[in-house]
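**Q** I need the structure of the sequence given here:
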Amino acid sequence: MELEAANVALGWYRGKLSKVETGQLATKPRECDEMLRIYGVSGHEAEQLRSLAADGRRSAAPERVTDSARQYVALERDSTEIRMVYHEIPGIFQTVEYARAQLMRSPVIPGAQVAGMAAARRERGERLRGSGTKVYAVLGFEALHRETGGREVLADQLRRLAGFAELPNISIRLIPWSAGAAAGLGGPFTLLWIEPANARIAYTETLTGADYLKTTDTYSLAFEQASDLALDEEASQDELKRRIIELE
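**A** Numbering: from 1, shown residues only. Down below sits the predicted model:
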């Protein structure tokens with residue numbers, strides 16, 4: 001069924017179904033049931049979709065994030081596996097001080113919102129402790145050297161990162177300077193595996209928005225390339241500890 005035909009069949013205003021399909025708008029229980037009826041979905045599959053719709057209605061509170069990242073927070077929370085390639089410390093690993101220093105430089109985030117957003121990033125990281133979510137992060141060496149917030153703030157941030165690396169569900173590996181270029185470092189991204197939908201999504205951010213991509217083959221290849229270039233976990237931990245000592 002074409003998008004416009006489905007929209008008319010549902011009796012919704014023009015463009016509403018498109019917003020639902022792209023995750024910008026959640027459906028009410030009655031609306032979800034009507035969609036299932038029109039699309040002819042029943043049984044176990046219908047129950048799975050009702051469950052997903054309920055997840056979509058959940059508020060992202062207490063997180064405070066930009067509008068473009070609001071959907072990401074919900075997907076991150078529901079993910080069973082997260083893979084990422086970054087040239088800086090990802091938000092989920094950040095300390096409040098590091099996050100605040102980074103967010104203060106944003107041209108689109110009001111200063112009044114910085115403190116709440118910084119605290120929310122730390123809280124998201126705390127959820128990883130003892131969770132079943134597997135996280136595989138590959139970071140460029142530059143993440144250890146850019147003194148966001150100053151040397152002391154960076155040192156505290158790297159100590160937190162080292163603590164995460166010791167958790168059984170988290171792998172943090174570093175791409176050394178000698179490895180040269182890596183595609184993922186030029187365009188940081190996160191790959192999310194979401195259950196029970198058995199979906200894989202690639203998430204990328206820009207200064208003013210974000211993209212959620214269902215075609216993830218290119219990003220999977222970029223992650224594999226970054227992993228091949230990175231040091232193993234033990235060597236990465238050694239480099240991390242060495243950098244912390246340099247900053248002390």
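**Q** looks like Ala183 contacts Gln225 (just checking).
**A** Yes: between Ala183 and Gln225 there is a contact at 6.1 Å, judged by C-beta atoms under 8 Å. Glycine gets a C-beta too; all of them are placed from N, C-alpha and C.
**Q** what's the domain layout of the chain?
**A** 3-57, 67-247 (automatic domain parsing).
**Q** now the ones you listed as TSV including mean neighbour count and mean pLDDT?
**A** TSV is the format used below for the domains of the chain (neighbours: other C-beta atoms under 10 Å; pLDDT from 0 to 100):
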stretch	mean neighbour count	mean pLDDT
domain 3-57	14	84
domain 67-247	17	93
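**Q** Leu139: what secondary structure?
**A** With DSSP: H, G, I helix; E, B strand; the rest coil as the basis, Leu139 sits in strand.
**Q** give the contact list for it.
**A** 85-90, 172-175 (C-beta atoms under 8 Å, 6 or more residues apart in numbering).
**Q** among those, which pair sits farthest apart?
**A** The span of the contacts of Leu139, defined through C-beta to C-beta, is set by Glu88 and Arg173 at 15.2 Å.
**Q** what about Ala74, distance to Arg127?
**A** Distance, Ala74 to Arg127, by C-beta to C-beta, to the nearest Å: 13 Å.
**Q** same question, Ile82
**A** Counting by C-beta to C-beta, the gap from Ile82 to Arg127 is 12 Å.
**Q** what residue in the protein is the furthest from its centre?
**A** Centroid-distance maximum for the chain: Ala9 at 34.7 Å, with C-alpha atoms, centre = their mean.
**Q** quick one: the helices in this structure?
**A** Ranges of helices within the chain are 3-10, 16-21, 29-39, 43-57, 70-78, 96-103, 111-126, 151-165, 183-186, 217-229, 233-247, based on DSSP state H.
**Q** who's in contact with the last one?
**A** Right, the one you point to is helix 233-247. 141, 144-145, 151-152, 154-155, 158-159, 161-162, 165-166, 171-174, 176, 230-231.
**Q** OK, contacts around the closest residue to the residue farthest from the centre of the chain other than its chain neighbours?
**A** Once flanking residues are discounted, Ala9 sits nearest to Ile38: 5.2 Å by C-beta to C-beta, 6 or more residues apart in numbering. Neighbouring residues of Ile38 by C-beta under 8 Å, 6+ apart: 1, 6, 9-10.
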